[in-house]
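J.: Sequence below, structure please.
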Amino acid sequence: MVSVFLIIGAVGAGLLLVAVVIGDLFDGLFDFGDVGGDFFSLAGLAGFIGALGFTGAIVLSLAASLVLALIVGAVVGLGVGALAAWLTMRLRDPSRDSDSTVRSHHLIGAVGRVIHPIPEGGFGQIRVSVHGHPTMLNARADEPIAGGRLIQITEVLTPTSVKVRHGEPLEP
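T.: Below you'll find the model as predicted:
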């Protein structure tokens, strides 16, 4: 009977491998909709099955009680599955977008400094730090802005250029 628990644990480990390698493709198969949303994930299911199998095998070999092996395996499986699901949700949480790649919409409202003066009708250069990523961009403004002045980005024109508005001068 221990071998049955080991096979169950191996299936869980295999599912975890699938979840890590190509999990996004298969998470839709385990979508429980309104029941739990993102909480029921392939990683959570794999954690539950793997922990149930391996814990059940250990308890069965130590205590020789199938009922105890099933109970302890299920409790440990629920804990590991819940932890895996919680970690998966935290990794996919859109509010954690602050440490992701800087996108164009992250630039709007960012405050920076003019590195090369922005002439009327032309481009200058600014430096901004968005989510900890320093970025130099070409900048255009409605009025000329001297070097060393603070600016705020109001619009993204292209991937490398933005429109800015005048801010307060930098203090020496």
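J.: Would you mind listing the buried residues in the helix ranked longest in the chain?
T.: Assignment by DSSP state H gives helix 66-92 as the longest helix of the chain. Within helix 66-92, the residues that qualify as buried are 69-70, 72-73, 76-77, 80-81, 84-85, 88, counting by 16 or more other C-beta atoms under 10 Å. Glycine gets a C-beta too; all of them are placed from N, C-alpha and C.
J.: before we move on, what about stretch 158-170?
T.: Buried residues in stretch 158-170, counting neighbours by 16+ other C-beta under 10 Å, are found at 162, 164, 166.
J.: cool, stretch 45-61 as well?
T.: Buried residues in stretch 45-61 (16+ other C-beta under 10 Å): 45-60.
J.: Show me where the protein has its strands.
T.: With DSSP state E as the criterion, the chain has strands at 111-116, 124-130, 133-141, 149-158, 161-169.
J.: want to throw those strands into TSV with distance to V2 and mean pLDDT?
T.: Putting these into TSV (distance: least, C-beta to C-beta, whole Å; pLDDT from 0 to 100) gives the following:
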stretch	distance to V2	mean pLDDT
strand 111-116	63	93
strand 124-130	55	91
strand 133-141	52	90
strand 149-158	61	91
strand 161-169	64	81
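J.: Which among those is found nearest to V21?
T.: Closest approach to V21 among the strands of the chain is made by strand 133-141 (28.7 Å; C-beta to C-beta).
J.: So the residue of the chain most remote from its centre versus F54, what's the distance?
T.: Going by C-alpha atoms, centre = their mean, the residue of the chain most distant from its centre is A64, 43.2 Å out. According to C-beta to C-beta, to the nearest Å, A64 stands 17 Å off from F54.
J.: Next: P159.
T.: Distance of P159 to F54, computed by C-beta to C-beta: 49 Å.
J.: which residues touch L87?
T.: L87 is in contact with A43, counting by C-beta atoms under 8 Å, 6 or more residues apart in numbering.
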